[in-house]
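Peer 1: Quick one, what's the 3D model for this:
(one chain, ligands or ions: 1)
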Amino acid sequence: MSRREDTGPEPIQELDESSGWWYLRNGGAWRFQHTAIGSLPNGHDTGSAIKSLRAVHQITSQYLSNKKDVQADQRNASPDADQDREAFSILTEVKQLLASSGLQDGAVTPPESVTSQPGTPPSNKKRNISPLTLQPSAVPSSPCRPVDKPSNGSGARTPQEVIMGLFAQMSATSAINLFKHWGVFDAIPVPQEVSGAGTVGISFADLARKVDVDEALLIRISKMLTSTSILDRTQNGLHHTPTSLCLMSSHPMSAMFSLLHTNIVSTSTSLPAYFDTYGRREPVGVDHVPITYHEGKPELKYFDLVNQNPKRMEQFMKAMSITHSSRVPTTGMYDMNSVLSAAKTGRYETVWVDIGGGSGHSVKLFLEEYGGPNGLKASRCVVHELEDVMKGAKKAAEEDELLKDVRFLPLDFHDESPVEGALVYYLRHIMRDFSDPVCVNILRNVARSLISDEARILISEQITPDGPPPSGASQPSLSHQMYAAFKDFSMLPLGGKERSLSQWRSVAAAAGLEIVRVHMDPKGTPHGVVELKLASSRE
Ligand SMILES: C[S@@+](CC[C@H](N)C(=O)[O-])C[C@H]1O[C@@H](n2cnc3c(N)ncnc32)[C@H](O)[C@@H]1O
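Peer 2: Below you'll find the predicted structure:
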């Protein structure tokens, strides 16, 4: 059944109610739009929206697939390129909507006639799609003809699409960096209710004035972020999404983005020259690492490089605050019973020593969880830090009810040993910043302070899956594997690395220590605590 609306001088609109398609005629050309993509007419419920989405999906897929067959024979440009582009854009969105609701995979294969960015979304278009996967939403035609069949025949993306997805990721990364530099994310109004993201926007003209960037350039770069659903665009201009809110300068994730952009993306341009100069092997020292080489100060250690610029150090610390989350846990792995019973007896003047403890943020988490009248006491905890970093941290801690009695003591762990005779020496996210020989040296410095047999060194870090798991053991999910690999890769520019259990074993042995137990995160992330004690065979 169809309904036709004659809108006078406006285009003719015809709704096919069985499929939900609006056919719009403007002049001679028919175009189409789907009710489920535009604002839903009153009376449509979720069930019928899903039905409509499925119908759009089927019709558009069929349309594009027919198109491809025709183009396989006729290698000329499509006269209907605009329609193809719109169809592809709609199909991408339908698939993303279905994928974000868990209904089906979101990958889309474009027709060859889709050669540039999809057009501006029609007015009132509601697009609030979770950017779970970056899709190659516009694929350039290429002399390398797309392979029609996915590599594994499962409906997954073709090899070309996988690689083109990387191009899109590179471009989006670069666009985010530029927008952060221009203050674009801060200049877009924040929605009153975060859940209603996308409802408050700003016109490009106003935004251009606010951030002092040419409007055409702003529009051009924003397309990279709207096409990857990082920002939202309507006819009224640009809107925040939940993702872009995390890129505002006040958010720690934004500081982490900048940190990793510098460490991974910027430094990557010097990696080939670095390894050509120093040899194709892992960096071994504290200085002459890829990032100091890239920044023209190879003689510096990474932290001295960061510390040269107080703003950079402040951003580093802000970024670190997101490394305490359910994905990167701090507490909940190590069995604290021995610590709590030692705390009760008062046997140890110092129970807990956090080495490279920053602003005391990890100690605070332990005090929150295991403090109290019979628990861990702030006065029995020490935070060791580099002197410059420690000064600021100590000042802030004095105003923090939980941290005010913690002792902040300066230490350079490359050259000095921590306070003697404590029960626990805790190093979280320290070792991964350094090569094996540097870690062995740090651990030897710490080991010199261990006096009692029950004293322990706890290394809280990722324990990288070590090759395929033994038969019968469960394989870590792909997302965990990728996460573990990216974290290790991101440490390379600093001369550091994430380690597997066997790598931990050899580093510990070289420092005269042995592993007592490994406490993995019960939630299944690759994080854990390696518990070390002085080796029994130690001379
Ligand atoms: C990656 S951060 C980890 C901070 C904290 N442990 C955490 O888990 O969030 C590394 C910390 O080690 C400190 N650090 C770096 N070099 C150091 C050195 N030579 N001696 C003492 N601390 C150092 C840094 O200032 C920084 O706070």
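
Peer 1: List the residues that contact whichever residue of the stretch 401-539 of the chain sits closest to the ligand.
Peer 2: Residue nearest to the ligand within the stretch 401-539 of the chain (Cβ to the nearest ligand atom): residue 428, separated by 3.5 Å. All C-beta spots, glycine's among them, are computed from the backbone N, C-alpha and C. Counting by Cβ atoms under 8 Å, 6 or more residues apart in numbering, residue 428 makes contact with 330, 354, 356, 357, 362, 459, 460, 461.

Peer 1: try 6 Å
Peer 2: Shown in contact with residue 428 (Cβ atoms under 6 Å, 6 or more residues apart in numbering): 362, 460.

Peer 1: Repeat that for residue 385.
Peer 2: With Cβ under 6 Å, 6+ apart, residue 385 has no contacts at all.

Peer 1: Return the distance of it relative to residue 393.
Peer 2: 6 Å (Cβ to Cβ, to the nearest Å).

Peer 1: Check residue 494 too.
Peer 2: Distance, residue 494 to residue 393, by Cβ to Cβ: 21 Å.

Peer 1: How about the secondary structure of residue 388?
Peer 2: What DSSP: H, G, I helix; E, B strand; the rest coil gives for residue 388 is helix.

Peer 1: Identify the residue nearest it in space, chain neighbours excluded?
Peer 2: residue 307 (5.8 Å; Cβ to Cβ, 6 or more residues apart in numbering).

Peer 1: For stretch 483-494, which outside residues touch it?
Peer 2: By Cβ under 6 Å, 6+ apart, the surrounding residues in contact with stretch 483-494 are 260, 263-264, 267, 289-291, 302, 432-433, 462, 464, 497-498, 526.

Peer 1: can you tell if it touches the ligand?
Peer 2: No - Stretch 483-494 is not in contact with the ligand by Cβ under 6 Å from any ligand atom; minimum separation 9.4 Å.

Peer 1: what is the mean pLDDT for that stretch?
Peer 2: Average pLDDT, stretch 483-494: 92.

Peer 1: contacting residues around residue 237?
Peer 2: Neighbour list for residue 237: 201, 202, 203, 204 [criterion: Cβ under 6 Å, 6+ apart].

Peer 1: Okay, and the beta partners of it?
Peer 2: For residue 237, the beta-bridge assignment (DSSP bridges) gives partners residue 234.

Peer 1: mind checking how far it is from residue 207?
Peer 2: Counting by Cβ to Cβ, the gap from residue 237 to residue 207 is 7 Å.

Peer 1: Show me where the stretch 301-450 of the chain has its strands.
Peer 2: With DSSP state E, counting those that start in this stretch as the criterion, the stretch 301-450 of the chain has strands at 352-355, 381-385, 407-410, 424-428.

Peer 1: Just put the ones you listed in a markdown table and tack on distance to residue 438 and mean pLDDT.
Peer 2: Below are these laid out as a markdown table (distance: least, Cβ to Cβ, whole Å; pLDDT from 0 to 100):
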| stretch | distance to residue 438 | mean pLDDT |
| --- | --- | --- |
| strand 352-355 | 14 | 98 |
| strand 381-385 | 17 | 96 |
| strand 407-410 | 20 | 96 |
| strand 424-428 | 13 | 98 |
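
Peer 1: one step back: the residue nearest to residue 388 reaches residue 313, doesn't it?
Peer 2: Yes - using Cβ atoms under 6 Å, residue 307 makes contact with residue 313 at a distance of 5.4 Å.
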